[in-house]
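In: This is the structure alone, sequence omitted:
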């Protein structure tokens, strides 16, 4: 596995997660909150109002918006070991094997989504339960998840797998298109850091809007718990979750949290892609390769 890809991916992931974690927390809390039946949902307006309240409340304790950050940074390690390396290696292998008969970017995206979800879900479950205040500490969240066996750490895995595959498919397709457009407009010269940032920003925005409904159901599946006094949405899988949320809270509730997530994914993608490309260039210039 090329060491420059792994190192660049890890650096980019750490930078992105540290910089955007408050947005991640606000997204999780908005997606977790139920919307009462009969109350009209206006995604961007409702989100802006709720974000203002959360930011005002956090003035006295900013650490509230950073709940789950250590878990997130720890989780960046296994994700970085598989995400971009899987995509780059899969795409290269498909191009070499199929002689361009298969859409390499799309097939590699599916492979990347399936592989990455297997290492992302346990971290995602613990982080989501900390961010939504289901548990106070990471050890409590882990022990509660393991109470019913190791499967507890993979709560909502099918939904996460569908989300990761869809996210990777949209993300890398958009990324390839925006990058090709950028290279065409630049006359073929290497893109600048600012241009890489713009490509990342646009890619993140497109991906966030397309995958928000999946992310809402995924988070609720990962945070719901059976039992008295616990939050239970009553979802029995992805399809059931879609049907119940739309019926109980309205279709627009599928886009709850879209504003902070749009900022999270667009700004985060710009940060990630810029850090990744800069790291790759630095490591290539330094001769650090497997």
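Out: Everything's here; your move. Nothing here was measured: the structure is a model prediction, and the numbers come from that model. Numbering: from 1, shown residues only.
In: which residues of the stretch 51-200 of the chain fall in strands?
Out: Residue ranges of strands cannot be listed for the stretch 51-200 of the chain, since DSSP state E, counting those that start in this stretch assigns none.
In: Now do the helices in it.
Out: Counting by DSSP state H, counting those that start in this stretch, one finds helices in the stretch 51-200 of the chain at the ranges 69-98, 104-131, 138-146, 157-185, 193-223.
In: With mean neighbour count and distance to residue 30 added, can I get those in TSV?
Out: Every C-beta, even on glycine, is put in place using the N, C-alpha and C of the backbone. Compiled in TSV, those are given as follows (neighbours: other CB atoms under 10 Å; distance: least, CB to CB, whole Å):
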stretch	mean neighbour count	distance to residue 30
helix 69-98	18	18
helix 104-131	22	11
helix 138-146	16	20
helix 157-185	19	17
helix 193-223	22	9
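In: in this protein, what spans have low per-residue confidence?
Out: Low-confidence segments of the chain, defined by pLDDT under 70: 1-2, 36-39, 98-102, 287-290.
In: hmm, try it at 50
Out: 1 (pLDDT under 50).
In: Can you read off the backbone torsions of the residue of it most remote from its centre?
Out: Here the chain reaches farthest from its C-alpha mean at residue 187, the gap being 32.8 Å by CA atoms, centre = their mean. Residue 187 adopts backbone torsions of phi 80, psi 20, taken as degrees, to the nearest 10.
In: you'd agree residue 266 is up against residue 205?
Out: Yes. With contacts defined as CB atoms under 8 Å, residue 266 counts as touching residue 205 at a distance of 4.1 Å.
In: before we move on, the earlier item: against residue 18, how distant is the residue farthest from the centre of the chain?
Out: The span separating residue 187 from residue 18 equals 35 Å under the rule CB to CB, to the nearest Å.
In: Residue 165 too?
Out: Taking CB to CB as the measure, residue 165 falls 26 Å from residue 18.
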